[in-house]
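Visitor: Dropping a prediction and its sequence here:
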Amino acid sequence: MARQILTTITFATVMLSVAVAFAWTDYNPLSWEMGKHLPWLSQFVFKDGATSVGPEQSYRTSLLSRDPLVIYIEDFVSEAEMDYLLDLHDRFSEPAKVYPTNGEPYVDKDKRFSNLTFIDRADAVVQGIGARALEFQGSRPNVTLEDPYVQRYGPGGHFMNHYDWIGDESAAARGSNRLSTFLIYLESDCTEGGTRFPRIPPPGLSWNGKWCERIECEDDLSVGADRGGTTIRPIRGNAVFWMNLDRDLKGDTGTLHRGMPVGTGAKTVMNLFTAVHWDP
Ligand SMILES: O=C(O)CCC(=O)C(=O)O
Ligand SMILES: [Fe+2]
């Protein structure tokens, strides 16, 4: 009898271990990297090899969309971090450019109208937020931060529909692409100017409740070509996270989005992108 119990316990333990191992492998969208690196080393590792653990910030998350993966994050950055980034913007920003697949970047206010400054990812405040961002998404050593940018839109400022990922061919040649975006709202003293995802249905079956503080619930799902989708209201301190690439690391067309024109006032955001690298 005792032997039977022991055999059962051993069998159950082995089965549980196998299940856990498979669950862990499946959990990681970059599972082809598994085994090459120790997963726990990946947190806080930057492209230049520097490591950082950022200041603690307690934030709250809600799932906005499962496919593509979009997560709404409340209080992702602190007041001090935001003030620091806004000050950098005030001192260094220039008119934002659009980046064609071939050719030089250029200013075209019909496509993108804002003032922008890139910030070195080695900046101490960016490293703190970056460490938080990498930890949030359970990164791997082949996932790094790009230099983020801070951009401000005044009245009429906007950014046309676009993807944050580069085309699959360019990505293959380069051996990297933008894996994810953290869009962080630093200033929201404005009317309109939401971030619109035309291909993502709004969360929840009801227009009531907390989501209506964060997304525009006036959108009518039933009429018009540019209706439907989800428009996120800018709210200082909050952020939206999304995965730009699918599980095969190909650009996800579901992530199409735009910065809607600002009515009055100003909206300022920081775009923090993570890039995934592989051998081209
Ligand atoms: O300002 C926004 O709401 C969107 C900005 C954006 O999509 C970008 O800079 O890539
Ligand atoms: Fe974007």
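Guide: Thanks, I have it. Note that the structure is a prediction, hence the values are computed from the model and not measured. Ligands and ions are numbered 1, 2, ... in the order given.
Visitor: end-to-end on stretch 235-248?
Guide: Terminal residues of stretch 235-248 lie 33 Å apart, using C-alpha to C-alpha, to the nearest Å.
Visitor: That stretch and ligand 1, any residue contact?
Guide: No - if you take C-beta under 6 Å from any ligand atom as the test, stretch 235-248 misses ligand 1, and the best it gets is 8.6 Å. Heads up, the C-betas are built off the backbone N, CA and C, glycines and all.
Visitor: Against ligand 1, how distant is Gly156?
Guide: 13 Å (C-beta to the nearest ligand atom, to the nearest Å).
Visitor: Now do the contacts for the closest residue to that residue other than its chain neighbours.
Guide: Counting by C-beta to C-beta, 6 or more residues apart in numbering, Pro261 is the residue found nearest to Gly156 once chain neighbours are left out, at 5.7 Å. Residues in contact with Pro261, defined by C-beta atoms under 8 Å, 6 or more residues apart in numbering, are 156-158, 192-193.
Visitor: One more pass at 10 Å, please.
Guide: 113, 153, 155-159, 192-194 (C-beta atoms under 10 Å, 6 or more residues apart in numbering).
Visitor: Return the per-residue confidence for it.
Guide: Turning to Pro261, the model gives it a pLDDT of 97.
Visitor: Which part of the stretch 101-250 of the chain gets nearest to ligand 1, residue-wise?
Guide: Thr195 (3.4 Å; C-beta to the nearest ligand atom).
Visitor: and that residue, what does it touch?
Guide: With contact set as C-beta under 10 Å, 6+ apart, Thr195 has these partners: 159, 183, 185, 215, 230-234, 240, 257-260, 267, 269.
Visitor: 7 Å - rerun?
Guide: Residues counted as contacts of Thr195 (C-beta atoms under 7 Å, 6 or more residues apart in numbering) are 183, 231-232, 240, 257, 259.
Visitor: Kindly report the same for Ser62.
Guide: Tyr72.
Visitor: And the one 5 residues further on, by the same measure?
Guide: If you count contacts by C-beta under 7 Å, 6+ apart, Asp67 has them with Gly254.
Visitor: picking up where we left off before, from the contacts of Pro261, pick the one nearest Val70.
Guide: The closest of the contacts of Pro261 to Val70 turns out to be Gly194 (C-beta to C-beta; 14.0 Å).
Visitor: Skipping adjacent residues, who's closest to the closest one in space?
Guide: Closest to Gly194 by C-beta to C-beta, 6+ apart is Thr231, at 3.9 Å.
Visitor: Now the residue most central in space within the chain. Nearest residue, chain neighbours left out?
Guide: Note on the chain: the residue nearest the mean C-alpha position is Thr181, at 2.4 Å, using C-alpha atoms, centre = their mean. Leaving aside its sequence neighbours, Thr181 sits nearest to Asp164 (C-beta to C-beta, 6+ apart; 5.0 Å).
Visitor: Which secondary structure element is home to that neighbour?
Guide: Counting by DSSP states H and E, no helix or strand carries Asp164.
Visitor: and if you look at Leu64?
Guide: Applying DSSP H and E, one finds Leu64 within strand 60-65.
Visitor: Same question for Ala275.
Guide: Per DSSP H and E: strand 262-277 holds Ala275.
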